[in-house]
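**Q** Need a 3D model of the following:
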Amino acid sequence: MHDRQGADSAFVFEGDWREFARIAFPNLLLTIVTLGIYRFWATTRERRYLWSRSRFVDEQLEWAGTGMELFLGFVMVFVLFGIPYFGLSFVAQALIARGYEAWGVALSFGALIAIFYLLGVARFRALRYRLSRTRWRGIRGGSNDQGFGFGLSYMWKTLVGWIPLGLLVPWSMTSLWNERWSKMSFGPFAFEANAEAGGVFGRFLLFYLAPFVLFAGGVIMAGMGMLAGYGIGGEDGMAVGGVLGILGLILFFYLGLGLIAVAFYAKFYREVVGATRWRDLEFSFEATTLDWVKLLVVDALLVVFTLGIGLIFLSYRHWKFFMTHLEARGEILLDELTQSETKTARHGEGLLDAFDVGAI
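**A** As a prediction, the model looks like this:
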């Protein structure tokens, strides 16, 4: 049995977790045997399967990337950035040990700034690479922008978002989404992204104020637990009730805050995807907060009850979730579509992989 969407959906996923398992388990074993080196080729095998089982309108997608590209990208990052970073960190520690604290701290701070900048570049180049390796009707995507300017934007917009007590984080997130996608294209047409922070600010404000509300509610619950315990078992009962109340406070706080965070991200993705266009096509992402909660809860249960082995199915589950809830409306004039003239990225997602930041 296949996992499918309705026939009228622009995006359809036709994968089967049993088919995926025949790829995922050998990938896991080979990655263990090769001490992690095979994971670049494992990623490629998984993407080829997931893309080939994904249909947009009337054609399957195709993944044209290779494991060697991902491996070389990682090696380049390690040689060009990893070794210098660790070298700078060693020198900084040596300077501090010799009494040159100011120079050591300045050098360490400079290294952190460099990592911060490269993280932004990584996010840009990973999307650029994935679009350049995605084929639909023989057409690919990409960008001629190298992402170095986006790295600077990522730095200052992220800082501006957090400086006023984090209140401009929604603006920072939507602005960076718009900037990154507006520099991408697929075939001869560029993407347009015009998401507005106002569409998600209400949810963010709820998340922002939630700790105070949840803490107050938790304190009340803890107090009620102590009173109930006192009524049942006197002072000893009050102590037990207090402990249970504190545990309830912690659980209530983190579960409540986590649920509100999921609600914010659900709204954020609906807003930014809905504000993204490609020529005459308008996109939307239909996943509700409940859909996200189900995804994350089942992810956690799958990993816990399989003692971690279920991790190999998360890429399948997340891609299926993405394709199932992604929609497009509008008109595609096939006669206008030609191959992209953007430069093809020569290497894989080395920076993103090095920082362990992954997203569809």
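**Q** When you work out contacts or count neighbours from here on, use the C-alpha atoms and nothing else.
**A** Will do.
**Q** can you tell me the helix or strand for Glu327?
**A** Taking DSSP states H and E as the criterion, Glu327 maps to strand 326-330.
**Q** quick one: average pLDDT of that strand?
**A** Here strand 326-330 scores 92 as its mean pLDDT.
**Q** quick one, domains of this protein?
**A** For the chain, automatic domain parsing gives the domain ranges 148-182, 196-262.
**Q** Pick out the shakiest of those, pLDDT-wise.
**A** domain 196-262 (a mean of 68).
**Q** follow-up on the earlier one: summarise which helices and strands the strand holding Glu327 is packed against.
**A** strand 11-13, strand 281-285 (3 or more CA pairs under 8 Å, 6 or more residues apart in numbering; DSSP states H and E).
**Q** In CSV: those, plus mean pLDDT.
**A** Conversion of the helices and strands packed on strand 326-330 to CSV gives the following (pLDDT from 0 to 100):
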stretch, mean pLDDT
strand 11-13, 94
strand 281-285, 94
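**Q** which ones are touching Tyr154?
**A** 117, 120, 176 (CA atoms under 8 Å, 6 or more residues apart in numbering).
**Q** which of these has the most neighbours?
**A** Compared across those, Gly120 has the highest neighbour count, 23 neighbours, by other CA atoms under 10 Å.
**Q** Let me see the contact set for it.
**A** Here Gly120 is in contact with 150-155 (CA under 8 Å, 6+ apart).
**Q** and those, which are buried?
**A** 150-155 (16 or more other CA atoms under 10 Å).
**Q** Inside helices: which ones of those?
**A** 150-155 (DSSP state H).
**Q** now, which of those sits nearest Ala193?
**A** Ranked by distance to Ala193 (CA to CA), these are led by Phe150 at 15.1 Å.
**Q** among the contacts of Tyr154, which are in helices?
**A** 117, 120, 176.
**Q** What separation is there between the second one and Leu176?
**A** Which is Gly120. Relative to Leu176, Gly120 is positioned 10 Å away (CA to CA, to the nearest Å).
**Q** Now list whatever residues contact both of those two.
**A** 153-154.
**Q** Poorly predicted segments of the stretch 51-200 of the chain, please.
**A** Applying pLDDT under 70 to the stretch 51-200 of the chain flags no residue at all.
**Q** hmm, back to that, what's in contact with the strand holding Glu327?
**A** Against strand 326-330 from outside (CA under 8 Å, 6+ apart): 9-11, 280-286.
**Q** Stretch 256-276 too?
**A** 174, 177-178, 181, 191-196, 199-200, 203-204, 206-207, 210-211, 214, 282-289, 292-293.
**Q** can you rerun that using 6 Å?
**A** 192-195, 200, 203-204, 207, 283-285, 289 (CA atoms under 6 Å, 6 or more residues apart in numbering).
**Q** Over to stretch 85-102?
**A** Under CA under 6 Å, 6+ apart, the answer for stretch 85-102 is 104, 107-108.
**Q** From these, pick the one nearest Val77.
**A** Using CA to CA, the contacts of stretch 85-102 come closest to Val77 at Ser108, 19.2 Å.
**Q** What are the buried residues along the host helix or strand of that closest one?
**A** Element membership for Ser108, per DSSP H and E: helix 101-132. Applying a neighbour-count criterion of 16+ other CA under 10 Å, one finds 104-105, 107-108, 111, 115-132 buried in helix 101-132.
**Q** Same question for stretch 291-307.
**A** Here stretch 291-307 shows 292-293, 299, 302-303 as buried, counting by 16+ other CA under 10 Å.
**Q** now stretch 272-279
**A** Those would be 272-279, for stretch 272-279 by 16+ other CA under 10 Å.
**Q** Over to stretch 61-79?
**A** For stretch 61-79, by 16+ other CA under 10 Å, it's 61-63, 65-67, 69-78.
**Q** what kind of secondary structure is Glu192 in?
**A** Here Glu192 takes the strand state, with states given by DSSP: H, G, I helix; E, B strand; the rest coil.
**Q** For the stretch 151-300 of the chain, just list every one of the strands.
**A** 185-186, 189-193, 276-278, 281-285 (DSSP state E, counting those that start in this stretch).
**Q** For the last one, what is the distance to the chain centroid?
**A** Computed by CA atoms, centre = their mean, to the nearest Å, the chain-centroid distance of strand 281-285 equals 19 Å.
**Q** could you check the angle strand 189-193 makes with it?
**A** Interaxial angle, strand 281-285 versus strand 189-193 (axes from the mean of the first three to the mean of the last three CA atoms, to 10 degrees): 50 degrees.
**Q** Which strands or helices does strand 281-285 pack on?
**A** Contacts defined by 3 or more CA pairs under 6 Å, 6 or more residues apart in numbering; DSSP states H and E place strand 281-285 against helix 198-274, strand 326-330.
**Q** got the buried residues for it?
**A** Those buried within strand 281-285 under the rule 16+ other CA under 10 Å are 282-285.
**Q** now those as JSON lines including distance to Trp136?
**A** Shown next, in JSON lines, are the buried residues of strand 281-285 (distance: CA to CA, whole Å):
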{"residue": "Glu282", "distance to Trp136": "17"}
{"residue": "Phe283", "distance to Trp136": "17"}
{"residue": "Ser284", "distance to Trp136": "19"}
{"residue": "Phe285", "distance to Trp136": "20"}
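**Q** Nearest to Gly161 among those?
**A** Phe285 (24.6 Å).
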